[in-house]
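K.L.:
kindly generate the corresponding structure for this input.
(one chain, ligands or ions: 1)
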Amino acid sequence: MPTWVWACSRTGLAARKINLKQAILDLILSHPDLQGRFAEAELVGDIKRFGLPLGSRRRLISGNGYLLTGDAAHLIDPFSGEGVSNAMISGRWAAEQAEKCLLQNDFSAPFMQDYDAAVYNRLGKELQLSYRMQQLLDYPWLFNAVANKASRNATFGQMLSCMFTDLDLREQLKKPSFYFRLLFNR
Ligand SMILES: Cc1cc2nc3c(=O)[nH]c(=O)nc-3n(C[C@H](O)[C@H](O)[C@H](O)COP(=O)(O)OP(=O)(O)OC[C@H]3O[C@@H](n4cnc5c(N)ncnc54)[C@H](O)[C@@H]3O)c2cc1C
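P.N.:
Okay, the predicted model is just below:
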């Protein structure tokens, strides 16, 4: 777990010159939870990697005669890597905008701005918070403290999993007091 978390941070990867393909092989050979599961496994091809278009910052997602949705609009959650629901949400707003464009016969960039606003009103805060959480991965000792506490304490674990859907709860992760309590209230 620590190595994996460490490897997932983009800045950590660059700074520590981690080769992800090698890291996954090393993990499978050395991690106590993975060794057994992959003991009989055989690598049958190259390990492929794919960069996910993360929603780490706000982008322009429409213009003259076009609307970008889902991955094309970089809407993947930067922390969880999930993009299906955000793609569907943006698709819904894109459909509404397309209808408005047809009714008004206006496909200009300024008219499309309502679409950007609708998508980021719905997803902006969530994406921003997830980006903060992704940055937390740059402090593996802190992230591991959170994960270890979650595995020891069922109530805390439950709260942490609720943070994936409850934005108000997730706001706690921005507060230093959250980590202070975590580290010193055992
Ligand atoms: C390995 C991996 C694992 C993932 N796991 C998860 C997960 O567990 N949960 C989650 O929520 N998200 C996950 N994601 C992210 C998720 O798959 C994407 O965010 C989501 O599918 C984006 O939907 P989309 O409709 O924007 O794009 P896509 O699902 O990529 O759909 C785009 C479609 O357009 C087609 N297309 C491309 N070019 C053309 C063209 N010129 N003409 C016609 N068609 C074209 C493509 O073939 C494709 O079918 C994962 C991504 C990867 C790579």
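K.L.:
so what's residue 63 closest to, chain neighbours aside?
P.N.:
residue 109 (4.8 Å; C-beta to C-beta, 6 or more residues apart in numbering). C-beta coordinates here come from the backbone N, C-alpha and C atoms, glycine included.
K.L.:
what number of residues lie near that neighbour?
P.N.:
Residue 109: 13 surrounding residues under other C-beta atoms under 10 Å.
K.L.:
contacting residues around residue 82?
P.N.:
Going by C-beta atoms under 8 Å, 6 or more residues apart in numbering, residue 82 touches residue 76.
K.L.:
swap the cut-off to 10 Å and go again
P.N.:
Taking C-beta atoms under 10 Å, 6 or more residues apart in numbering, we find residue 82 in contact with 52, 76, 130, 164.
K.L.:
ok but the last one is inside a helix, no?
P.N.:
No - secondary structure of residue 164 (DSSP: H, G, I helix; E, B strand; the rest coil): coil, not part of a helix.
K.L.:
OK, contacts around the residue nearest to residue 63?
P.N.:
By C-beta under 10 Å, 6+ apart, residue 109 lies in contact with 60, 62-66, 116.
K.L.:
tell me how far residue 51 lies from residue 147.
P.N.:
25 Å (C-beta to C-beta, to the nearest Å).
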